[in-house]
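S.K.: Take this sequence and fold it.
(one chain, ligands or ions: 1)
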Amino acid sequence: MQKGDRYGTHRVLSPAGTLPQPAIQLDNTMEIYDNEMLIDVSTLNIDSASYTQIKKQCHSNAEDMKNLILSIVAERGKMQNPVTGSGGMLIGTVKALGPKFPHNNKVKVGDRIATLVSLSLTPLKIYDIKHLNPKSDQVDVNAEAILFESGIYAILPNDLPEKLALAALDVAGAPAQVDRLVRESDIVCLIGGGGKSGVLCCYQAMKNVGAYGKVIVVEYSKENAQRIKDLHLATDVIIADATNVMDVYRKVMAITGGRGCDVTINNVNVPATEMTSILVTKGQGCVYFFSMATSFTKAALGAEGVGKDICLIVGNGYAKGHSELTLNIIRESREIRELFENLYVPAVDKEEGDNENFLY
Ligand SMILES: NC(=O)c1ccc[n+]([C@@H]2O[C@H](COP(=O)([O-])OP(=O)(O)OC[C@H]3O[C@@H](n4cnc5c(N)ncnc54)[C@H](OP(=O)(O)O)[C@@H]3O)[C@@H](O)[C@H]2O)c1
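M.R.: Numbering: from 1, shown residues only. I've put the predicted structure just below:
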């Protein structure tokens, strides 16, 4: 068995010298190195920004979407959308473990797991796309994937349906960062707060700000906005297009009395909302750009351009303890669990999970 590098650089075909995420092409031979895990993949959860782009390019035609996904993976050896650069995550069964793969989680062959590293760096070979619904970013496949020694994963919990766990874990980094950033009595703004990650962030923000803080959601669709109101997941809800900077700015300032927000979380799945996030945030405040449609250039130069000394955080999808925190939200809130089951879990997978244990 060949010896692999901790970070998977042995899988990089081009360009030489880089790591798997920024690489253009990976070696997706499904023969493991001594420090890798081989996974029999059942479902991919394609990242929302990527899926939205694929759907748009294919005019929501399921066959065209399947073909596009297959061609990306055939070309790159991983599911990395060439336009958005983003990936997603997967669930599957552990098929083989190299002798040097870290065993501190006591993972074993046959365990059902979710990878917590992006598909944009995961060697993947799709043999067949079994089911794709343009309305759901969960795509059922017959495929195999490789996890590197440095790759993180969660053994799927036994008290939640698998696809529900997959939907929540896909965005686990966001509520975990909210927990770190938001303090009691803060004013928080969630741009695109009515979507999947937004709802989880709202729940955590409401918990952290307490009785005297504010959680302001900016949401595009009336339906999503109403849902946030019905679930009492915000103190204020603004229905607006977040790309319309000055409109949102005026509405947020009206709520905050011109003060602006301590923390802004960007959860949209469309480009051009950087300046909205920056303008609604107070000086010395903080913006967490979870959205994969964020432009570093627009955010960095835009903040400078308007003279805003604020902390801009790139949406690292990993935060220590993020999987437990996120799954606990689903366990704590019956309403959010029902919402996720209705919106993000395909009907065929709504039965209870039957996995052995949950670890991270
Ligand atoms: N950093 C990471 O590691 C990581 C991991 C996973 C995902 N992501 C990214 O995080 C973002 C959110 O993911 P998600 O799964 O939560 O997506 P989602 O469920 O699709 O939510 C996006 C939300 O943004 C709203 N929105 C879209 N355009 C808007 C606009 N112009 N103004 C106001 N609201 C708007 C959407 O409303 P409508 O439904 O009405 O359009 C929706 O409620 C995506 O960009 C995704 O790629 C990042």
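S.K.: ok, now which ones touch the closest residue to the ligand within the chain?
M.R.: Distance from the ligand to each residue of the chain (Cβ to the nearest ligand atom) is smallest for G195, at 1.9 Å. Yep, even glycine has a C-beta here, placed from its N, CA and C like the rest. G195 sits next to S48, N224, N267, V268, N269 when contact means Cβ atoms under 8 Å, 6 or more residues apart in numbering.
S.K.: go on, Q21?
M.R.: Counted by Cβ under 8 Å, 6+ apart, Q21 has contacts S118, S120, L121.
S.K.: dump the residue contacts of C202.
M.R.: L190, G193, V215, V217, I228, L233, A234.
S.K.: Out of those, which sit inside helices?
M.R.: I228 (DSSP state H).
S.K.: Looking at the contacts of C202, which are in strands?
M.R.: L190, V215, V217 (DSSP state E).
S.K.: and N316, that one's in a helix?
M.R.: No. Counting by DSSP: H, G, I helix; E, B strand; the rest coil, N316 is located in no helix; its state is coil.
S.K.: gap between it and T243?
M.R.: N316 sits at a distance of 24 Å from T243 (criterion: Cβ to Cβ, to the nearest Å).
S.K.: These two: which is more packed in?
M.R.: Just comparing N316 and T243: by other Cβ atoms under 10 Å the higher neighbour count belongs to T243, 16 against 12.
S.K.: Kindly provide the distance from that one to I191.
M.R.: For T243, the distance to I191 - Cβ to Cβ - is 10 Å.
S.K.: overlap in contacts of the two?
M.R.: T273, T276.
S.K.: Look at the nearest residue to G194 once chain neighbours are set aside and say how many residues are nearby.
M.R.: Spatial nearest neighbour of G194, excluding adjacent residues (Cβ to Cβ, 6 or more residues apart in numbering): N224 at 2.9 Å. If you count neighbours by other Cβ under 10 Å, N224 ends up with 19.
S.K.: Going by secondary structure, N224 is in what exactly?
M.R.: Using DSSP states H and E, N224 falls within helix 222-230.
S.K.: ok, the residue of the chain closest to the ligand to E335 distance?
M.R.: 16 Å.
S.K.: What parts of the stretch 101-250 of the chain come near the ligand?
M.R.: 170-171, 173, 192, 194-198, 218-221, 224, 241-243 (Cβ under 6 Å from any ligand atom).
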